[in-house]
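1. what follows is a predicted structure for the sequence shown.
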Amino acid sequence: MVATDNYNLVLLLIFASLGNILGSIINFILGKKILILKDKKWFPVSPTQLSRSQSIFNKYGVWTILLAWVPIIGDPITILSGTLNVNFFKFLLLVSISKISRYVFLIYILQYLYF
């Protein structure tokens, strides 16, 4: 949309950020509920992997949530936040900073490239 110049920049930023933040909230909720299934044979994460992920998250703290914008590792971070019972409002603040910053940066770069 930035390339076409047929958009409202503020609305683009708001809706892209909100969609991404809502997706992270869903991941957080899934993380809170997913441990119910951890003893199932088909559960995709081994106890060792889960423990190692929790150790890494605990080592660096809730600040790792600021990396939620990064592809591939962002979704696991938001799910892990839920499994570790991170305070929801702290999670929401950090994930919002992360996602909004991502789109501000992308819009800035794309405007620079196209204009």
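-> Received the coordinates, thanks.

2. for the rest of this, base every contact and every neighbour count on C-alpha atoms.
-> Will do.

3. which strands or helices does the worst-scoring helix or strand of the chain on mean pLDDT pack on?
-> Here the helix or strand of the chain ranked lowest by mean pLDDT, DSSP states H and E is helix 47-60, holding a mean of 85. Judged by 3 or more CA pairs under 8 Å, 6 or more residues apart in numbering; DSSP states H and E, helix 47-60 is in contact with helix 74-83.

4. show me the contact partners of the least confident helix or strand of the chain.
-> If you take CA atoms under 8 Å, 6 or more residues apart in numbering as the criterion, helix 47-60 is touched by 38, 64, 80, 84.

5. retrieve the pLDDT associated with Y112.
-> On the pLDDT scale, Y112 is placed at 77.

6. how far away is it from F88?
-> In this view, Y112 and F88 are 36 Å apart by CA to CA, to the nearest Å.

7. if we can go back for a sec, name the residues of the least confident helix or strand of the chain that are buried.
-> For helix 47-60, a neighbour-count test (16 or more other CA atoms under 10 Å) marks 54, 57 as buried.

8. do the same with stretch 13-33
-> For stretch 13-33, by 16+ other CA under 10 Å, it's 13, 17, 20-21, 24-25, 27-32.

9. any chance of those in a markdown table, plus secondary structure?
-> Shown next, in a markdown table, are the buried residues of stretch 13-33 (DSSP: H, G, I helix; E, B strand; the rest coil):
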| residue | secondary structure |
| --- | --- |
| L13 | helix |
| S17 | helix |
| N20 | helix |
| I21 | helix |
| S24 | helix |
| I25 | helix |
| N27 | helix |
| F28 | helix |
| I29 | helix |
| L30 | helix |
| G31 | helix |
| K32 | helix |
